[in-house]
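> Predicted model follows, preceded by the sequence.
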Amino acid sequence: MPRHIYFIRHGETDWNQAQLFQGRTDVPLNVRGRAQAGRTAACIREHFRLAGHPLRFAGLVSSPLSRAVETATIVASALGGSACGLPDDPERIVLDGRLQEQDYGLWEGLSRAQIEARFPGEWERRFADVRRFQASGGESMDELRARVAACVAELGDGVLVAGHFGSAYALLLGYAELSQDIPRISQEALYIFEDHRVLEASARHPAGRVIASCAWSALPGASLN
């Protein structure tokens, strides 16, 4: 049986709504984000029901940023906490700094228009070389992928991970070589990372749809096997 890592992205924040780069800045969920976390829990429950599997996890690990922790807390509570292998107490959620969002340095708190005005040429360079590009004072996608892959390599089968767009993107880069192959990462879905595919389970696709189908190509020292 392939190893499974379950992943959820945090719900919406005011900065998401305003289309500002958040990165390591600790921005809390807004009202819509909390509702999204509840809908994510519903997607998880329905996916397990349709799959005919007991709703059970091997633990919960989260980025320490509050938007991820609060999402994890809402989801764990909605699913029944210890009844399905998740902590009843938010303080018992395992926090791992390697799951934090990509560090965007001086881009954080800015919109695309502000970035293009303050840092001429950086926006274009970002998409010309997604893996190696670093915003002023930030980190590259390769650096992000290295720390996320190292974290995931230590997790057991069936762990639920609460993270960010960037941490999910970093994992998906292990399955898809081209950045344009990476789909949008929903804030109302469950992502199931296996050794040869990734599924997205959402309200629209409760049984799960394949969004990546190829062998995991891990960085040295990191593997899903």
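That came through fine.
> Quick check: mean pLDDT of stretch 21-41?
The pLDDT scores in stretch 21-41 average 98.
> May I see the buried residues of it?
Buried residues in stretch 21-41, counted by 16 or more other CB atoms under 10 Å: 21-25, 27, 29-30, 33-34, 36-37, 39-41. Glycine gets a C-beta too; all of them are placed from N, C-alpha and C.
> Also stretch 194-209?
For stretch 194-209, using 16+ other CB under 10 Å, the buried residues are 194, 197-202, 206, 208.
> Stretch 101-109 too?
Within stretch 101-109, the residues that qualify as buried are 101-108, counting by 16+ other CB under 10 Å.
> Show me the shaky parts of this structure.
Scanning the chain for pLDDT under 70 picks out 1-2, 176-182, 215-225.
> which residues of it fall in helices?
14-17, 31-51, 66-79, 112-118, 122-128, 141-153, 165-172 (DSSP state H).
> can I get the CA coordinates of the fourth one in CSV?
Output of helix 112-118 as CSV, limited to C-alpha atoms (Å, rounded to 0.1, in the frame of the first residue of the first chain):
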residue,chain,number,x,y,z
ARG,A,112,1.6,42.8,-7.5
ALA,A,113,1.4,46.4,-8.6
GLN,A,114,3.4,47.6,-5.6
ILE,A,115,6.0,45.0,-6.2
GLU,A,116,6.4,45.9,-9.9
ALA,A,117,6.7,49.6,-8.9
ARG,A,118,9.3,49.1,-6.0
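> and it, how far out from the chain's middle?
A distance of 26 Å separates the centroid of the chain from that of helix 112-118, by CA atoms, centre = their mean, to the nearest Å.
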